[in-house]
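S.K.: okay, here's the prediction I keep looking at, along with the sequence it came from:
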Amino acid sequence: MLILYVMRHAKSSWENPDLSDYQRPLNKRGRHNAKLMKKIMKNKVMFFDFAYISGSQRTMETFKYIKDLNLRKKKIKKDHYLASPKILLETIQSTKDKYKSILILNHEPAVKNLTMQLCSDLSNEGKILIQKFSTAGIATIIFKKRSWSEIKFGDGLLDEFIKPKDFY
C-alpha cells in the first residue's frame, strides 16, 4: 500500500502588489493554519517519506512549518508551479519505491485536479473538495499498489480530506 498526501499551500499575502504571484509569502492566517495543520497531521500520524514542493515562496514557507513530518527526503520542483495533473502524475510515478508515503505541496487548481483525477470514487469529502480545495487543506489518497510507477489516474482511494476550518 502506498499513501499520497496532496496539500495546498497555506493562505498567501497580497500585501505587496509589486511581488509576482510566485514570490508571494504567507499571511498571518496562513502561518497560523500551517502550524495548526502540522499539529493535526502529527496527531493523525500523517508522516511522509518524501516531499515534492513547488518552488514558490508560499509553498516553501508552508513546508517550513510541517517539515519535521518529513522523515527522509524533499525535493523542490520549480516546474510544479502551475503544473498539470499529468506532470504531477509523472513525478509521482518517478518516485523510488523505498518511499511508501509522499507529499505533493502545490497550488490550486493543480491540487484539486490531481486529486480528482487520481481518485475514481469520491466520497462526501471528495464532494467538498470538488467545490474548493481550501488553503492548507490535505487530501490523503491510498493506492493498493506496490510501486509508484504503476500508479495511474483513477487508481486512488480518497481516504480523507481535512482543512483548517474543520478544527476551529
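M.R.: Happy to help now that I have it.

S.K.: residue 19 and residue 157, how far apart?
M.R.: Per Cβ to Cβ, to the nearest Å, residue 19 is found 39 Å from residue 157. Bear in mind the C-beta positions are built from the backbone N, C-alpha and C, glycine included.

S.K.: helices and strands around the biggest helix by length in the chain, which ones?
M.R.: Across the chain, the longest stretch assigned as helix under DSSP state H is helix 28-43. Counting contacts by 3 or more Cβ pairs under 8 Å, 6 or more residues apart in numbering; DSSP states H and E, helix 28-43 packs against helix 57-66.

S.K.: next secondary structure after the helix it packs on?
M.R.: strand 70-77 (DSSP states H and E).

S.K.: residues making contact with the very next helix or strand once past that next one?
M.R.: Proceeding N to C from strand 70-77, the next assigned helix or strand is helix 85-93, under DSSP H and E. Residues outside helix 85-93 that contact it (Cβ atoms under 8 Å, 6 or more residues apart in numbering) are 4, 52, 77, 79-80, 102, 104, 106, 110, 113-114, 117-118, 148-149, 151-153.

S.K.: make a PyMOL selection of the buried ones in those residues.
M.R.: Typed into PyMOL, the line below selects the buried ones among the contacts of helix 85-93, using 16 or more other Cβ atoms under 10 Å:
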select buried, resi 4+52+77+80+102+104+106+110+113+114+117+118+148+151
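
S.K.: and stretch 8-19, what's its mean pLDDT?
M.R.: The average pLDDT within stretch 8-19 is 92.

S.K.: now swap in stretch 146-156 and tell me
M.R.: 96.

S.K.: what is the burial count for the nearest residue to residue 22 once chain neighbours are set aside?
M.R.: Closest residue in space to residue 22, ignoring its immediate chain neighbours: residue 56 at 5.0 Å, by Cβ to Cβ, 6 or more residues apart in numbering. Counted with other Cβ atoms under 10 Å, the neighbours of residue 56 add up to 25.

S.K.: the one helix or strand residue 105 maps to: partners in the sheet, and parallel or antiparallel?
M.R.: According to DSSP H and E, residue 105 maps onto strand 101-106. Counting by DSSP bridges, the strands paired with strand 101-106 are strand 2-8 (parallel), strand 48-54 (parallel).

S.K.: what is the helix or strand following it packed up against?
M.R.: As assigned by DSSP H and E, the chain's next helix or strand after strand 101-106 is helix 110-118. Helix 110-118 is packed against strand 2-8, helix 85-93, strand 101-106, helix 124-131, strand 138-143, strand 156-162, with contacts defined by 3+ Cβ pairs under 8 Å, 6+ apart.
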